[in-house]
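Q: Have a look at this prediction, sequence included:
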Amino acid sequence: MAISKSIPNFIMDRTPMTLERTFSIIKPDATARNLTGKINAVIENTGLRIVAQKRICWTRAQAEKFYEEHKERSFYRELVVFMTSGPIVCQVLEGENAIMKYRDIMGATNPAEANAGTIRKDFAKSIGENSVHGSDSPESAEREIGLNFDNSEIVG
Ligand code: CMP
């Protein structure tokens with residue numbers, strides 16, 4: 001058709017890009033071992049952009065609220081104690097399919113089951129002390145970002 005001839009190929013051939021944001025935490029076991037820079041290098045090497053980042057200590061109430069979907073699980077109390085045991089680095093990551101891309105490079109929750117080359121395979125100590133968290137869906141990402149960042153702190 002005439003219309004396709006008038007549109008350059010680089011526009012016609014491009015699959016639509018899904019620019020997403022996901023929420024990330026570098027957990028206390030990783031900040032204690034000074035691994036923030038190494039983990040950030042893995043993130044940036046995949047093409048994800050760190051568009052917000054802050055090193056903080058959660059209160060118990062913040063940790064309980066963040067992980068409230070797990071409150072009936074046997075590990076909930078242990079998880080809250082661990083996540084308030086030291087500094088965490090909260091981040092917003094942005095990129096194409098950021099949610100799935102970050103979950104891929106994090107690896108399985110249990111580092112014993114994580115693929116080679118993933119953050120958890122390389123750095124995590126155990127299923128509880130597993131170095132990083134990433135949102136598992138667009139709804140979770142929106143909730144988790146909103147719990148930890150004001151819009152003005154996110155600079156894309
Ligand atoms: P995260 O991705 O932050 O989401 C929930 C967290 O609960 C998970 O990573 C683990 O750190 C933790 N978790 C999951 N299963 C267990 C378990 N069996 N024992 C202790 N902690 C767990």
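A: Noted; the coordinates are in hand.

Q: quick one: the most centrally placed residue in the chain from residue 77, how far?
A: Centroid check for the chain by Cα atoms, centre = their mean gives residue 24 as the closest residue, at 2.6 Å. Distance from residue 24 to residue 77, counting by Cβ to Cβ, to the nearest Å: 24 Å. Quick note: C-beta positions are derived from backbone N, CA and C, even for glycine.

Q: Equivalent analysis for residue 143, please.
A: 22 Å.

Q: Mind checking which of the two has more residues around it?
A: residue 143 (15 against 11; other Cβ atoms under 10 Å).

Q: what sits against the more buried one?
A: Under the criterion of Cβ atoms under 8 Å, 6 or more residues apart in numbering, residue 143 has no contact partners.

Q: That one sits in which helix or strand?
A: Here residue 143 is covered by helix 138-148, with elements defined by DSSP states H and E.

Q: Kindly report the same for residue 82.
A: helix 76-83.

Q: which strands and helices sit next to that helix?
A: helix 28-32, helix 60-66 (3 or more Cβ pairs under 8 Å, 6 or more residues apart in numbering; DSSP states H and E).

Q: now it, how far from the chain's geometric center?
A: Taking the mean of its C-alpha atoms, helix 76-83 sits 19 Å from the chain's own mean (Cα atoms, centre = their mean, to the nearest Å).

Q: One more: stretch 90-106?
A: With Cα atoms, centre = their mean, you get 5 Å for stretch 90-106.

Q: and that stretch, is it in reach of the ligand?
A: No. Stretch 90-106 stays clear of the ligand (Cβ under 6 Å from any ligand atom), getting no nearer than 7.7 Å.

Q: can you pull the buried residues of that stretch?
A: Neighbour-count burial for stretch 90-106, counted by 16 or more other Cβ atoms under 10 Å, picks out 90-95, 98-99, 101-103, 105-106.

Q: hmm, back to that, and the residue nearest to the centre of the chain, bridged to which residues?
A: Counting by DSSP bridges, residue 24 is bridged to residue 91, residue 134.

Q: For it, give its distance to residue 140.
A: Separation of residue 24 from residue 140 (Cβ to Cβ): 12 Å.

Q: And residue 17, by the same measure?
A: From residue 17 to residue 140 the distance is 21 Å (Cβ to Cβ).

Q: which of the two has more neighbours?
A: Set residue 17 next to residue 140 and count neighbours by other Cβ under 10 Å: residue 140 wins out with 15 against 9.
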